[in-house]
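Student: whatever this is, show me its structure:
(2 chains)
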Number of protein chains: 2
Amino acid sequence: MTVELISVGTELLLGNIVNTNSQYLSEKCAMLGLSVYYQTTVGDNRERMTEVIRTALNRADLIILNGGLGPTEDDITKDVCAEVMGVKLIEDADIRSRLADWYRQRNRKDIPESNWRQALVPEGAVVFPNENGTAPGLALEKDGKTAILLPGPPNELYPMMENQICPYIQKRESGAIRSQMIKICGYGESKVEEMLLDLIDSQKNPTLATYAKTKEVHLRVTARAETDEEAKQLLKPVVKEIKKRFGAAVYTTDEKENLEDVVVRLLKKYELTVTTAESCTGGLLAGRIVNVPGASDVFREGYITYSNKAKRKILDVSKTTLKKYGAVSEQTAREMAAGGVFATDADVCIAVTGIAGPDGGTEEKPVGLVYIACYLKDHVSVEEFRFQGNRQKIREQTVVQALDLLRRSILKNYKKD
Amino acid sequence: MTVELISVGTELLLGNIVNTNSQYLSEKCAMLGLSVYYQTTVGDNRERMTEVIRTALNRADLIILNGGLGPTEDDITKDVCAEVMGVKLIEDADIRSRLADWYRQRNRKDIPESNWRQALVPEGAVVFPNENGTAPGLALEKDGKTAILLPGPPNELYPMMENQICPYIQKRESGAIRSQMIKICGYGESKVEEMLLDLIDSQKNPTLATYAKTKEVHLRVTARAETDEEAKQLLKPVVKEIKKRFGAAVYTTDEKENLEDVVVRLLKKYELTVTTAESCTGGLLAGRIVNVPGASDVFREGYITYSNKAKRKILDVSKTTLKKYGAVSEQTAREMAAGGVFATDADVCIAVTGIAGPDGGTEEKPVGLVYIACYLKDHVSVEEFRFQGNRQKIREQTVVQALDLLRRSILKNYKKD
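Tutor: Numbering: from 1, shown residues only, chains lettered A, B, ... in the order given. Okay, the predicted model is just below:
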């Protein structure tokens, strides 16, 4: 089944916002085994929207529209789509009463008449209630083509897609499709593809897709089969083989878990507390750890020691070390990590020092040189990195590699199997 | 002049990456006074790309393509576009020698034959050299329509657009266009629009566009006139009026300056050093300050005091205060800010404590309640906020408001005019 995604909104055409919905919906379609051939964005203009929907229905089996379902006069997606497909709008009593409840709960009175237009649905359409807003989702079938209309705000779109639209599409597709996420840290995308070339080239089912993130690669393995069980069996050996090839670099196979989630989960599991001693990242590393709800169980305090003086005062890095090796050195990173543990009552300290640029680089110590140290159980591991990119990129990469060093250090010490 | 933007890349259709180029190019077009009516994304497929370019040339005066100009067999944008427009490709000696230089400088030998395809240009096209890569940009005119072809990687696209394409388009447009950015902190987009309703409604020239960011609104005022001087004169009174209405909430009118740049610039100007004492933001605030190159002149150390114990130990927040008012209170924020200054030799401390959720909220102190304190010259200013959104959003909003409180505190103390 081929798909065209249509985003509606003049704010997209003006460049006021980035179209993250298209990326989100494309990834969901890929997971469902659907081929997105086109993404189109059009404004809140009747004539141009008519043309875009007509073109899309000509060249795709399924069109998924998002945006323009709200209560204002500008919101014309439903009207235009119904008109192009030759279906009339009728009032849905359920939606009307849901709308009334919604406004009542929020003490909203004097609802403009136009708001009730949200209770109109194309005749014969499937209605998907909106748990987080007023505009329901709609699916409309005619002449072998399907149009799905979704609200634009991500907090309404995402749960509706996940809980209602994906199951709806899956039920209509013949056969089963199943996919497995594998998240890898520390390898570039081209390296991952090189290591999987035989699998990528030879296999049509399951298929492999790579998603490059900062210092991470996410792999999605997708299998199709007659039944869900068969799809599962097709996935199994490929997932196993990939996990074998990347070993400890695979940090999770859980779609919803990210690197800091894993780190906090491991710290909790082994009842460890962690502190941070950051120079060039200036707090971003701690910021990522604290991003995890409940991080307070494992993280209590952290230090940003940007100047040499702060490194000495707070972390007790020796004057000699700073003088002899410099602030950006293996030795300083090592003393920062040890100093972090001694300054707090944490079990682990992850320390970072580096040159994020644009100034401060030398031939010997170029911009992008970073040392990351992890103190755990009286042992310090230090790793040297030479990152590419601007100041921001270098700092982002540093944070990811620091989280990963922390993760690997815990596993090395505690994982018995 | 109406525009269609076309992004080329199967990775976009798979949802592997977010299409930030479309947003970037749309904003640039808006600045140039061009009307983007459509954005389309298509994969590296000859048939579908042909159809997309043909459709675009039918419905827009100018089409701007990005992506698919690289050296591999997949990169077919130039071929397809030239074919649709009925122009043949010829080798450009300049580009070929530039390519050869590029590879030589990088010690690249055994260049695949296909790479030299990058030296082919549609006959009569304007060539825009690529300072950061191998694929040049191209502009092609035929039958009153113009196609501009640009490389996809942002580090190649952005400088080419700014330095070469914008001037190229401007030169072709009759008259002059000039725009002025105004960045405002602390107002929501709808509030800003409400406060400018008369200007937005009544004025066709200059026009106003608002760009909503986290706790910021960026306003672009754009004027068209016969000459640049006339456009400038049209802008002047409107910009002045807007600045008057928002007063100190306007933090910059410099396109390239962001909130942390302004904060660091002010700290440097008044020779102040700053430290941070963060609870719920866990280092993100310091991370934003350190994002500014040269931040080391004003920022030396910072503290993340996530637990009550850390607040007491590091910042000397009194046990009584924590017990009586709680960790998330005006009193604790105040003592954290004072404690930060006493623990360091900084002139200013910005302190943050709040409930980022999802847990930890109560009826009296709900998720989203945040106190931000700024200690400066023996005086502490504290502000209370009640933010909406998830954990991540609450923390992002907190960082912006903290930077802004710091900015306003400095101005209040030091700005004489």
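Student: C-alpha from now on. contacts and neighbour counts both.
Tutor: Will do.
Student: and the average pLDDT for the helix or strand containing residue A:394 is what?
Tutor: Element membership of residue A:394 [criterion: DSSP states H and E] is helix A:391-414. Taken as a whole, helix A:391-414 has an average pLDDT of 96.
Student: contact partners for the residue of chain A at minimum distance from chain B?
Tutor: At 3.9 Å from chain B, residue A:283 is the closest residue in chain A, using Cα to the nearest Cα. When contacts are counted by Cα atoms under 8 Å, 6 or more residues apart in numbering or on different chains, residue A:283 touches A:303, A:304, B:282, B:283, B:284, B:285, B:286, B:287.
Student: let's see it at 10 Å
Tutor: Contacts were defined as Cα atoms under 10 Å, 6 or more residues apart in numbering or on different chains; by that measure residue A:283 touches A:276-277, A:302-306, A:399, B:276, B:278, B:281-290, B:301-304.
Student: CA atoms only for the helix holding residue A:394, dumped as CSV, please.
Tutor: Coordinates of each C-alpha in helix A:391-414 appear next as CSV, following Å, rounded to 0.1, in the frame of the first residue of the first chain:
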residue,chain,number,x,y,z
ARG,A,391,30.9,23.6,19.7
GLN,A,392,27.3,22.4,20.2
LYS,A,393,27.9,19.2,18.3
ILE,A,394,31.1,18.4,20.2
ARG,A,395,29.3,18.9,23.5
GLU,A,396,26.3,16.7,22.4
GLN,A,397,28.6,13.9,21.3
THR,A,398,30.5,14.2,24.6
VAL,A,399,27.3,13.8,26.6
VAL,A,400,26.3,10.6,24.7
GLN,A,401,29.7,9.0,25.0
ALA,A,402,29.9,9.9,28.7
LEU,A,403,26.5,8.2,29.3
ASP,A,404,27.7,5.2,27.4
LEU,A,405,31.0,5.0,29.3
LEU,A,406,29.0,5.1,32.5
ARG,A,407,26.7,2.3,31.2
ARG,A,408,29.6,0.1,30.0
SER,A,409,31.5,0.6,33.3
ILE,A,410,28.5,-0.5,35.3
LEU,A,411,27.9,-3.6,33.1
LYS,A,412,31.6,-4.5,33.2
ASN,A,413,31.6,-4.4,37.0
TYR,A,414,28.3,-5.9,37.8
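Student: and that helix, what's buried?
Tutor: For helix A:391-414, the neighbour count (16 or more other Cα atoms under 10 Å in any protein chain shown) marks A:391-392, A:394-411 as buried.
Student: what do you get for stretch A:360-374?
Tutor: With burial defined by 16+ other Cα under 10 Å, the residues of stretch A:360-374 counted as buried are A:365, A:366, A:367, A:368, A:369, A:370, A:371, A:372, A:373, A:374.
Student: residues in the stretch 301-417 of chain A within reach of chain B, list them.
Tutor: Within reach of chain B by Cα under 10 Å from any Cα of the partner chain, the stretch 301-417 of chain A has these residues: A:301-311, A:313-314, A:344, A:356-360, A:389, A:391-392, A:395.
Student: buried ones in the helix or strand hosting residue A:25, by neighbour count?
Tutor: Take DSSP H and E as the rule and residue A:25 turns out to sit in helix A:20-31. Neighbour-count burial for helix A:20-31 flags A:21, A:22, A:23, A:24, A:25, A:26, A:27, A:28, A:29, A:30, A:31 (criterion: 16+ other Cα under 10 Å).
Student: what are the C-alpha coordinates of that helix, in PDB please?
Tutor: Only the C-alpha atoms of helix A:20-31 are listed here, as PDB (Å, rounded to 0.1, in the frame of the first residue of the first chain):
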ATOM      1  CA  THR A  20       8.100  17.000  12.900                       C
ATOM      2  CA  ASN A  21       4.700  15.400  12.300                       C
ATOM      3  CA  SER A  22       5.800  14.200   8.900                       C
ATOM      4  CA  GLN A  23       8.900  12.500  10.300                       C
ATOM      5  CA  TYR A  24       6.700  10.900  13.000                       C
ATOM      6  CA  LEU A  25       4.100   9.700  10.700                       C
ATOM      7  CA  SER A  26       6.700   8.400   8.200                       C
ATOM      8  CA  GLU A  27       8.400   6.400  10.800                       C
ATOM      9  CA  LYS A  28       5.000   4.900  12.000                       C
ATOM     10  CA  CYS A  29       4.200   4.100   8.400                       C
ATOM     11  CA  ALA A  30       7.600   2.400   7.900                       C
ATOM     12  CA  MET A  31       6.800   0.300  11.000                       C
END
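Student: no further queries at this time; thank you.
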